[in-house]
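# make a model of this:
(one chain, ligands or ions: 1)
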Amino acid sequence: MSDSLRLVDGASDEEERAAELALRPKSLDEFIGQERVRDQLGLVLDAAKGRGRPADHILLSGGPGLGKTTLAMIVAAEMEAPLRISSGPAITHAGDLAAVLSSLAEGEVLFLDEVHRMARPAEEMLYMAMEDFRVDVVVGKGPGATAIPLDLPHFTLIGATTRAGLLPAPLRDRFGFTAHMDLYEPAELERVLARSARLLGIDLRKDGGREVALRSRGTPRIANRLLRRVRDFAEVRAKGVVTGPVAAAALEIYEVDALGLDRLDRAVLTALVKLFGGGPVGLSTLAVAVGEEAETVEVVAEPFLVRAGLLARTPRGRIATPAAWAHLGLAPPGADRVTGAMTLPLDED
Ligand SMILES: Nc1ncnc2c1ncn2[C@@H]1O[C@H](COP(=O)(O)OP(=O)(O)OP(=O)(O)O)[C@@H](O)[C@H]1O
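Numbering: from 1, shown residues only. Below is the predicted model of the structure:
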């Protein structure tokens, strides 16, 4: 994948994780935006603290880079509990999960990223663990296999998923609190950026922050990443001062356009418009046309394209909106149809 593609992808790599550590808000008060989630979560935590019990299990759904890991860390910090981080794909056997669960301390917070991608037997073990704080560890195979019950400490599971709908209902139902994290508004991202600039010692002016925020696809991780690239540019070409024009010039170099669309987004829109006449077209066909996995198109590109009003999901497939045609500098077919509708009766006359 090219650098420009990675630049606006919500996912992160090891190096970025290290850079992000310094920027992570440490408390709910420091966490910017997502007001509803913050209020609800604050209540859940206060109630648990009042009862002197671990908090209920929490499900966080939302795209990559919206702050799910950050919230899990905040929950652990607010509950003054240790935090264990693992992920669904890392748990390939029920035994992996049993090992994690049995080594938890009382009250510990277990964060399972991509909880929808856990192996099936582990998922079933998790049902019982969440509900009864107990698991049956099966020893041996075949008719001689025995289930040994194992009591677990009371823990708080925080599951993260890109879409709550991907979770089987029995698992979803066992979370006491589900929070959906939306894409951030530009004004919220401006606040995220102002905070990051302060922590990193970057001279980010108001119009510079606005420019970066508008191109960050509603995602704090992308905002922080673009800020670092803009800082490089500003240091080399603008005496370190990030104004609106400086940010715009820097992001132009990285092929992030004025709406924050990157090459993948534009590839999706261009294919939709030029190859499929604006749709409707199925997700997998569209993904093949741009040479990407269907999941990448669905999770990385689509949410923002939908939010930006450029793409719509319909029961018959994806369609490009008139705004998408306009963004690509093309006339939507609707324009022709209107002319056709107006000229047809005249022809008949
Ligand atoms: N509400 C917020 N306020 C300030 N900064 C935030 C906020 N949410 C996220 N961030 C920043 O964005 C970065 C990415 O957030 P985080 O790692 O929590 O996302 P995530 O949803 O867990 O992503 P993934 O699912 O890909 O791991 C963090 O380092 C943090 O600095």
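# quick one: low-confidence residue ranges for this structure.
1-13, 334-349 (pLDDT under 70).
# residue of it nearest the ligand, please.
Taking Cβ to the nearest ligand atom, the ligand has its nearest neighbour within the chain at Gly67, 2.7 Å off. Glycine gets a C-beta too; all of them are placed from N, C-alpha and C.
# state the distance from the closest residue to Ala271 other than its chain neighbours to Gly244.
Among residues not flanking Ala271 along the chain, Ala289 sits closest, at 4.2 Å (Cβ to Cβ, 6 or more residues apart in numbering). Note on Ala289: its distance to Gly244, by Cβ to Cβ, to the nearest Å, is 35 Å.
# with Val268 instead?
28 Å.
# okay, those two: which has more neighbours?
Counted by other Cβ atoms under 10 Å, Val268 and Gly244 do not tie: Val268 has more neighbours, with 27 against 16.
# what's the helix or strand for the more buried one?
helix 263-270 (DSSP states H and E).
# quick one: contacts for the residue positioned nearest the centre of the chain?
Closest residue to the average C-alpha location of the chain: Gly63 at 1.8 Å, with Cα atoms, centre = their mean. Taking Cβ atoms under 8 Å, 6 or more residues apart in numbering, we find Gly63 in contact with Gly10, Thr162, Met181, Leu183, Thr219, Val299, Val300, Pro303.
# equivalent analysis for Thr69, please.
Ile85, Phe111, Asp113, Ala160.
# now do the buried residues in stretch 155-170.
Phe155, Thr156, Leu157, Ile158, Gly159, Ala160, Thr161, Thr162, Ala164, Leu167 (16 or more other Cβ atoms under 10 Å).
# quick check, the residue nearest to Ala271 in contact with Thr270.
No - counting by Cβ atoms under 8 Å, Ala289 stays clear of Thr270, with 9.4 Å between them.
# follow-up on the earlier one: is it true that the residue of the chain closest to the ligand touches Pro220?
Yes - the pair Gly67 / Pro220 is scored as a contact, 6.0 Å apart, by Cβ under 8 Å.
# which one's more surrounded, the two?
When neighbours are counted by other Cβ under 10 Å, Gly67 and Pro220 differ, and Pro220 comes out ahead with 30 against 24.
# give me every residue that touches the residue of the chain closest to the ligand.
Here Gly67 is in contact with Phe31, Gln34, Met181, Pro220 (Cβ under 8 Å, 6+ apart).
# please report phi then psi for the closest residue to the second one other than its chain neighbours.
On the basis of Cβ to Cβ, 6+ apart, the spatially nearest residue to Gln34 that is not a chain neighbour turns out to be Met181, at 5.8 Å. The main-chain torsion angles of Met181 are listed as degrees, to the nearest 10 and equal phi -100, psi 120.
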